[in-house]
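Novice: From the sequence below, what's the structure:
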Amino acid sequence: MSDDTDDAQPPRRLNSLEDRNAVVESALDRAIKRGDFDDLSGRGKPLTGLHGSSDPDWWIKQKMDSEGINGVAPAAFQLRKENAVLEETVDAFSTESEVRDYLAGFNARVREAVMDLRDGPPVFTPPRNVEKEIAAWRRRNVKKYDAVTEAEPGDQPADQASAGSPRRWWHRFRR
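Specialist: Next up is the predicted model:
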């Protein structure tokens with residue numbers, strides 16, 4: 001209780017660095033006595049990344065890695081990167097509605113980045129034509145499914161008359 005009497009005094013003016021350091025040290029001492037630092041996570045463990053790095057932003061990069069934060073680049077770079085792998089991303093979807101939703105979101109992000117003139121480099125990524133992309137997605141999926149449905153040489157029937165149409169891959173599991 002005697003420590004609380006120091007808090008009741010009016011704050012004094014801190015004119016020098018030594019005065020500031022003394023106030024900070026006394027505040028830390030009081031917090032330690034109260035036990036404010038007793039149940040912190042990582043207590044007693046060394047801080048990682050303090051030595052061996054010349055990067056002044058090492059701690060921010062470490063925090064981003066530990067939190068799983070990515071995509072902090074300007075919108076122009078993010079969209080350019082996303083545009084480069086758009087076909088592979090779209091090919092991972094199994095339904096046309098998923099592809100349409102993704103392309104609508106991509107086009108909305110492009111329009112938003114073009115209209116946002118606050119900072120960052122200019123956006124040169126064009127919005128995608130949804131109908132053309134859907135048609136290209138269908139063509140790629142037909143090729144992909146045709147490659148899967150081609151029967152292997154050991155799967156051919158003995159007589160060629162029954163080999164009229166290739167068996168679909170999902171029929172193989174229904175026996």
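Novice: from memory residue 89 sits against residue 102, does it?
Specialist: Yes - the pair residue 89 / residue 102 is scored as a contact, 7.1 Å apart, by C-beta atoms under 8 Å. Every C-beta, even on glycine, is put in place using the N, C-alpha and C of the backbone.
Novice: of those two, who's got more company?
Specialist: residue 102 (18 against 15; other C-beta atoms under 10 Å).
Novice: Contact partners for that one?
Specialist: Applying C-beta atoms under 8 Å, 6 or more residues apart in numbering to residue 102 gives the contacts 89-90, 93.
Novice: And for residue 137, the neighbour number?
Specialist: If we define neighbours as other C-beta under 10 Å, then residue 137 has 18 of them.
Novice: Let me know the closest of the contacts of residue 102 to residue 77.
Specialist: Taking C-beta to C-beta as the measure, residue 77 sits nearest to residue 89 out of the contacts of residue 102, at 16.7 Å.
Novice: Name the helix or strand for the closest one, please.
Specialist: Secondary structure from DSSP states H and E places residue 89 in helix 86-91.
Novice: could you give the mean pLDDT of the very next helix or strand once past that helix?
Specialist: Proceeding N to C from helix 86-91, the next assigned helix or strand is helix 96-115, under DSSP H and E. Mean pLDDT, computed over helix 96-115, is 93.
Novice: Could you provide the contacts of residue 102 in JSON lines, with additional columns for distance to residue 24 and pLDDT?
Specialist: Shown next, in JSON lines, are the contacts of residue 102 (distance: C-beta to C-beta, whole Å; pLDDT from 0 to 100):
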{"residue": "89", "distance to residue 24": "51", "pLDDT": "93"}
{"residue": "90", "distance to residue 24": "56", "pLDDT": "93"}
{"residue": "93", "distance to residue 24": "56", "pLDDT": "92"}
